[in-house]
Structures are given as structure tokens and as C-alpha cells.
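**Student:** need coordinates for the below:
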Amino acid sequence: MSVIALNPCIACGACCAFYRASFYWTEAAPDAGGTVPPELTERLTPFMAVMKGTHSSKPRCICLQGNIGEQVHCNIYPQRASVCRDFNYSGQDGQPDERCEKARAAWGLPPLCPPSPVEPDQPIKPKAA
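**Tutor:** Just a heads-up that it's a prediction; the model follows:
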């Protein structure tokens, strides 16, 4: 029997509506091998681009669809920028993530608890009476 763990990000989205998503400009340059659609980005500096909607006092990435804390998805998930690919959710790989928890708290969401390790094929030992 296998256990399928769903990524908690599909019921969150807080990071996409809390942080600025900036990255090196070539990630949005198709002629340089970039995969991020350039029309969804803005120039931040001569060397950096930013996802539209994230460089404001109330950020929300243009690609974030859905309701934060309920159900969300990214319209360009396979093409997302490295800053998005590299963002860890709290509990991923068994490690807490301060940035994830800060974004969740800003949206009134509770902290994510790291998943409990499950040992397959190990019987549960009864407590001694």
C-alpha cells in the first residue's frame, strides 16, 4: 500500500501573493533559452525581471489563479521562473521553512506541520498496559 502526499501548495498560494518574484532577465528571453513568457514579466533592473503583479505593495503574481488558502494553481507552472522552482514549502524534505510560514501567517493561514514519517510494512506496536 502506498501513501500519496498532496503538495500543500495547491491549497495555499500565499507565497505567490506575498513575495516579489524576481529573477535574471534571460529566464524571460526565448532567444536566450528562457521559458518564462516575457509578456508576463516586467523589467526590475537592467539585469533582473519580475513577474507582473509581484512588485507592488500588495503583491499577487499574474499567474496565480484561485483563492489563497483554498485552492490555487499557477497558469505557467511548467514554465515558472527559478525563484518559484526553488521556493520550498515548510515541511518539504522534513525541514521547516521560515519564508513559507511568514507568507502563510500574512494571509492568516496556520503553519504547515511537517509530514509524519510513515514506515511501510511496519506493524504498530501496542502500548504496554
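**Student:** CA atoms of stretch 81-90 as PDB?
**Tutor:** Provided in PDB are the C-alpha atoms of stretch 81-90 (Å, rounded to 0.1, in the frame of the first residue of the first chain):
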ATOM      1  CA  ALA A  81      10.900  31.100 -13.000                       C
ATOM      2  CA  SER A  82      13.800  29.600 -11.000                       C
ATOM      3  CA  VAL A  83      12.800  31.700  -8.000                       C
ATOM      4  CA  CYS A  84       9.400  29.900  -7.900                       C
ATOM      5  CA  ARG A  85      11.000  26.500  -8.600                       C
ATOM      6  CA  ASP A  86      13.500  27.000  -5.700                       C
ATOM      7  CA  PHE A  87      10.900  28.000  -3.200                       C
ATOM      8  CA  ASN A  88      10.300  25.300  -0.600                       C
ATOM      9  CA  TYR A  89       7.200  24.800   1.400                       C
ATOM     10  CA  SER A  90       7.500  24.300   5.100                       C
END
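**Student:** who touches it?
**Tutor:** Surrounding stretch 81-90, the residues in contact under the criterion CB atoms under 8 Å, 6 or more residues apart in numbering are 7-9, 12, 15-16, 21-24, 27-28, 36, 51, 74, 95-97, 99-101, 104, 111-112, 114. Any C-beta I mention is one placed from the backbone N, CA and C, and that applies to glycine too.
**Student:** among those, which ones are buried?
**Tutor:** Neighbour counting with 16 or more other CB atoms under 10 Å marks 8-9, 12, 15-16, 21-23, 27-28, 36, 51, 74, 97, 100-101, 104, 112 as buried within those.
**Student:** which ones among those lie within strands?
**Tutor:** The strands in this structure, assigned by DSSP state E, contain 22-23, 51, 74 from the buried ones among the contacts of stretch 81-90.
**Student:** can I get the residues you listed in TSV with distance to residue 57 and pLDDT?
**Tutor:** Below are these laid out as TSV (distance: CB to CB, whole Å; pLDDT from 0 to 100):
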residue	distance to residue 57	pLDDT
22	16	98
23	21	98
51	16	98
74	22	96
